[in-house]
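Peer 1: predicted model follows, preceded by the sequence.
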Amino acid sequence: MAVTKKTAGKKAESSEFAVIKTGGKQYRVAVGDVVTIEIMDGEHKEGEAIVFDKVLLVDDGKDTTIGTPYIKEAKVTGVLKEIGKAKKVEVMKYKAKSRYLKIRGHRQPFFKVAIEKIK
């Protein structure tokens, strides 16, 4: 069941936005945004359409719809623009006076998604 709340007396934004949940995180997205997502399930290729069905909130500037926990009829669609890895993060372990030093690196994968439509 979704809860609808009117934003009376507040300054309304001209563009609509939504809050989606993917990869264990929540993202605030609007049409035209490019979102960097760390984890996505399944095999994906650049240029393919992606549908996010776990929508937590939709605001069209007049009404706000909040899901409990998700809005069943809402979907956010986008196109996968880029698949890559972020800059290397180095992790260092060091113990003084014992000649112990370990340096490890990690590059987190990411997916850049351009948001096209909010339903």
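Peer 2: Happy to help now that I have it.
Peer 1: spatially central, which residue of the protein would that be?
Peer 2: Nearest to the mean C-alpha position of the chain, counting by C-alpha atoms, centre = their mean, stands residue 27 at 3.7 Å.
Peer 1: the bottom helix or strand of the chain by mean pLDDT?
Peer 2: When each helix and strand of the chain is scored by mean pLDDT, DSSP states H and E, strand 3-6 comes last, with a mean of 51.
Peer 1: correct me, but the residue nearest to the centre of the chain touches residue 36?
Peer 2: No: contact between residue 27 and residue 36 fails when scored by C-beta atoms under 8 Å: they sit 9.1 Å apart. All C-beta spots, glycine's among them, are computed from the backbone N, C-alpha and C.
Peer 1: look up how far residue 82 lies from residue 32.
Peer 2: Distance from residue 32 to residue 82, counting by C-beta to C-beta, to the nearest Å: 16 Å.
Peer 1: who has more neighbours, those two?
Peer 2: residue 82 (13 against 9; other C-beta atoms under 10 Å).
Peer 1: give the other helices and strands that the helix or strand containing the more buried one contacts.
Peer 2: Assigned by DSSP states H and E, residue 82 belongs to strand 76-85. Strand 76-85 sits against strand 49-52, strand 109-118, with contacts defined as 3 or more C-beta pairs under 8 Å, 6 or more residues apart in numbering; DSSP states H and E.
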